[in-house]
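*Asks:* here's my sequence, what's the structure:
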Amino acid sequence: MGLSNLCTKGTHLALAGAFVYLLVVFLAGCACTPPTPAPPTDTPPPPTPITTGELYDIDWTLSGNLHAHDPVIIKEGDTWYIFTTGTGIARKYSEDGIHWESMIPVFSRQPEWHKQMVPFNDGNLWAPDIFYYQEKYYLYYSVSSFGSNISAIGLATNVTLDPKNPGYAWVDEGVVISSTSTDDYNTIDPNVAQDREGNLWLSFGSFWSGIKLVQLDPETMKPAEDATLHSIAAKPGNTAIEAPFIIGRGGYYYLFVSHEYCCRGVNSTYRIVVGRSEEITGPYMDKDGKTMIAGGGTLIDKGDERWKGPGHNAVYQQGHSAILVNHAYDSETFGRPTLQIRPLYWDADGWPTLAIEDGAGAMPEKSDTKVQITNPLIEQRADPYIYRHTDGYYYFTATAPEYDRIILRRAATIQGLASASETVIWEKHESGIMGAHIWAPELHIVNGKWTIYFAAGSTQNVWAIRMYALENASANPLEGTWEERGQIKTKWESFSLDATTFEHEGTRYLVWAQHDPKLGGNTNLYIAKMSDPWTISGDQVMISRPEYDWEKIGFLVNEGPAVIKRNDRIFISYSASATDANYAMGLLTASQDSDLLDASSWSKSPTPVFQSGNGVYGPGHNSFTVSADGAYDILVYHGRDYEEISGDPLNDPNRHTRVQQLHWNDDGTPDFGEPVAIGVTTIGG
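*Replies:* Down below sits the predicted model:
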């Protein structure tokens, strides 16, 4: 929707230099008072890929009031505005695009026609879109109720978005288009776009027969009575498609939509996809040549372990740079819908991508920040796990050498964990299960709650090691109550430990080590889907067993799995052999598009990726965390300062927690390097 060199919204943004014509209604404009739009042009963009530009120079780390659903963005003068779903249409403003403050809703009282046309609407107005045209702002919005296509798109106008401006006043312009239960479409989720000839178009739709497009009369900014309704995207089968947003760029129109389901908190499966067409009416095709009317769409974002169901996006363009604006459900705040603003790059083939290197999960740009950490970081803490939370704190847990308790620390920096006070959040049972050998705790956020996985034996048999779970609903895991959720049951009642979890493509998985009673050796690595945070479902699949000589020194062991997702792949590091100086780490790798429950999807390093060196012996049982600015991955592991051990290594308490930067090879695989020596190490820079 946008105008060629002006401020517009969402997709309506000023597309300078590349089909300026299509600035969609969800994002608005340039850093000036919006001028009257000029006719769009077909000026080609600069050579792609496009990863530099004004919007790319901004650190989009947001703060303030970030609660948002179905956001659209626009800029008037030096002030940014966001309109979102909410009672009376919710709004926010920002002086820098980073820190956001709430404003009063657009409507203080609901227009009477809302109830007349949509009796079950409760005043909650959905999915607004803002478009600047002929010196006026046009705010389109949805009047509906959940699960119904008795809906209407309304329109309000204003000459300014600044409440301090004397001319500020929202004018109700009534209904734009509506649907009833006899229609095969749903008139919600509006978006306005402008084609290269200067014609204005309204796209809309949710479920039913999908996304529609209709031309607008520039005098009324509503469809003419005889306007043709074009079908431009659909989702055959479950019909789960909505939230269209159209922009113009480089000779194409790009149609963004959201597939699957919103509004289910951490269980939301929304994902953003895109297709493009040489004509605004379509056909829109994805990267693989599949039409969007047949359910096609190239993936932009499907979320990750923390951010669930990203969707209902807008795109704001400035020059040749662009940002993606959307909501996602934050699993660390119990599924709260949260505003996201991220750079949207363009690859060499002219397709939008969130990664500078095409592919979700590519590494972020490096910062110049340097952090110095002294190793060992924490003495006599084995199997260390460090978690970086959105509250700005690092959380630490590990095995205490007495094997009798679970501890937590937190600090604002990784180095700060060394001197942070330690809280005992759980102690072993006096008798029975969970009464001995309390090992390898890990701290995760699962379904919006803190979850700790750990291994424990019983007082009757300390080697009857099994996996267990604790859960805490408090915002701070050092507070509140940790509830025991019982044993994580597997296929066999056998020695099992080192549970870790990750989410991929909307499915949560558990990875762990266990002894197969029918096989020789000690422990192998297994993976299975999870139906809840402490229950596996379906088959458990062995993805690694000790097979190389370096995995079978002292004991035939694969254990301590740790997951990191980068560069279109899923990597699982693990530890092998006895827990003395022979302890070393291996690596499993799978494509992000593969069947993770197919053992053949996983390839294995034939040699250790991390082993004793530089005066550090038996490095292993690692975890991964990130630098405070998110620019660098960090390897967390334990190791001893000496090689010779007297007696059973498990009785030696001096496995110390260590950290160092994890590097990446040119082929996208992790470079673990060698253990850094005792003393100061630098991360970043």
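
*Asks:* and P376, its phi and psi?
*Replies:* In terms of degrees, to the nearest 10, the main-chain angles of P376 are phi -70, psi 150.

*Asks:* all the helices of the stretch 251-400 of the chain, residue numbers only.
*Replies:* For the stretch 251-400 of the chain, no helices are identified by DSSP state H, counting those that start in this stretch.

*Asks:* likewise for the chain?
*Replies:* All helices of the chain, identified by DSSP state H, fall at 112-117.

*Asks:* which secondary structure element of it has the lowest mean pLDDT?
*Replies:* Within the chain, no helix or strand scores below strand 345-346, which has a mean of 87 by mean pLDDT, DSSP states H and E.

*Asks:* from the contact counts, what lies against that strand?
*Replies:* Strand 345-346 is packed against strand 352-353, with contacts defined by 3 or more C-beta pairs under 8 Å, 6 or more residues apart in numbering; DSSP states H and E. Every C-beta, even on glycine, is put in place using the N, C-alpha and C of the backbone.

*Asks:* Provide the contact partners of the strand it packs on at residue level.
*Replies:* With contact meaning C-beta atoms under 8 Å, 6 or more residues apart in numbering, strand 352-353 is reached by Y254, V274, I300, V315, A322, L324, L344, Y345, W346, D347, G359.

*Asks:* hang on, the earlier thing: quick one: distance of the least confident helix or strand of the chain to the chain centre.
*Replies:* Distance, stretch centre to chain centre, for strand 345-346: 18 Å (C-alpha atoms, centre = their mean, to the nearest Å).

*Asks:* partners of Y253 in the sheet?
*Replies:* G248, S277 (DSSP bridges).

*Asks:* then M585?
*Replies:* Per DSSP bridges, the residues bridged to M585 are S575, F610.

*Asks:* my guess is it contacts F610. True?
*Replies:* Yes - contact status for M585 versus F610: in contact at 3.9 Å, counting by C-beta atoms under 8 Å.

*Asks:* find the residues that touch each one of these two.
*Replies:* Common neighbours of M585 and F610, using C-beta under 8 Å, 6+ apart, are S573, P619, G620, N622, Y637, F672.

*Asks:* which of those fall in strands?
*Replies:* Within these, residues falling in strands by DSSP state E are S573, P619, G620, N622, Y637.

*Asks:* can you pick the most crowded of the residues you listed?
*Replies:* With neighbours taken as other C-beta atoms under 10 Å, the top of these is Y637, carrying 30 neighbours.

*Asks:* grab the nearest non-local neighbour of it.
*Replies:* Among residues not flanking Y637 along the chain, N622 sits closest, at 3.9 Å (C-beta to C-beta, 6 or more residues apart in numbering).

*Asks:* give me the number of neighbouring residues for the residue lying closest to E503 once chain neighbours are set aside.
*Replies:* Once flanking residues are discounted, E503 sits nearest to E305: 4.4 Å by C-beta to C-beta, 6+ apart. Other residues lying near E305 total 17 when counted by other C-beta under 10 Å.

*Asks:* quick check: E305 vs F502, distance?
*Replies:* 6 Å (C-beta to C-beta, to the nearest Å).

*Asks:* same check, this time on E422
*Replies:* E422 is 27 Å from F502, where distance means C-beta to C-beta.

*Asks:* what pLDDT does D648 get?
*Replies:* pLDDT recorded at D648 is 91.

*Asks:* what about it, distance to G554?
*Replies:* The value you get for D648 to G554, if C-beta to C-beta is used, is 11 Å.

*Asks:* hey, what's I527 bridged with?
*Replies:* Note on I527: beta-bridge partners by DSSP bridges are V511, V541.

*Asks:* and it, what does it touch?
*Replies:* So I527 contacts Y509, L510, V511, Q540, V541, I543, L596, L597 (C-beta under 8 Å, 6+ apart).

*Asks:* repeat for G639
*Replies:* P376, S612, V616, Y617, G618, P619, G620, R655, H656, R658, P675.

*Asks:* so it bridges to which residues?
*Replies:* With DSSP bridges applied, the residues forming beta bridges to G639 are H656.

*Asks:* and the gap between it and E674?
*Replies:* Distance, G639 to E674, using C-beta to C-beta: 11 Å.

*Asks:* with distance to G486 and pLDDT added, can I get the ones in strands among the shared contacts of M585 and F610 in a markdown table?
*Replies:* Below are these laid out as a markdown table (distance: C-beta to C-beta, whole Å; pLDDT from 0 to 100):
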| residue | distance to G486 | pLDDT |
| --- | --- | --- |
| S573 | 28 | 98 |
| P619 | 33 | 98 |
| G620 | 28 | 98 |
| N622 | 27 | 98 |
| Y637 | 29 | 98 |
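
*Asks:* identify the farthest-apart pair in those residues.
*Replies:* Farthest pair in these (C-beta to C-beta) is S573 and P619. Separation: 11.1 Å.

*Asks:* mutual contacts of the two, please.
*Replies:* The contact sets of S573 and P619 overlap at M585, F610 (C-beta under 8 Å, 6+ apart).

*Asks:* quick check: T500 touching E559?
*Replies:* No - checked against C-beta under 8 Å, the pair T500 and E559 is beyond contact range at 10.8 Å.

*Asks:* these two: who's more crowded?
*Replies:* Per other C-beta under 10 Å, whichever of T500 and E559 has more neighbours is E559, with 26 against 20.

*Asks:* excluding its backbone neighbours, what's nearest the more buried one?
*Replies:* For E559, ignoring the flanking residues on the chain, the nearest one in space by C-beta to C-beta, 6+ apart is A513 at 3.9 Å.

*Asks:* try V273
*Replies:* G297 (2.8 Å).

*Asks:* with Y270 instead?
*Replies:* G311 (3.3 Å).

*Asks:* ok, S537 next?
*Replies:* Nearest one to S537, counting by C-beta to C-beta, 6+ apart, is S531 at 4.1 Å.

*Asks:* report pLDDT for the one you found.
*Replies:* S531 is assigned 94 on the pLDDT scale.

*Asks:* quick one on the thing from earlier: I figured the residue nearest to Y270 hits C262, correct?
*Replies:* Yes - counting by C-beta under 8 Å, C262 is a contact partner of G311 at 5.8 Å.

*Asks:* higher neighbour count, the two?
*Replies:* Higher neighbour count among G311 and C262: G311, with 31 against 22, using other C-beta under 10 Å.

*Asks:* what residues are up against the more buried one?
*Replies:* A243, S258, C262, S268, Y270, R271, I272, N326, H327, A328.

*Asks:* so, low pLDDT: which residues of the stretch 251-400 of the chain?
*Replies:* The stretch 251-400 of the chain contains residues with pLDDT under 70 at 356-369.

*Asks:* can you list the residue ranges for strands in it?
*Replies:* 252-259, 271-277, 298-301, 307-318, 321-330, 336-343, 345-346, 352-353, 370-375, 382-388, 394-399 (DSSP state E, counting those that start in this stretch).
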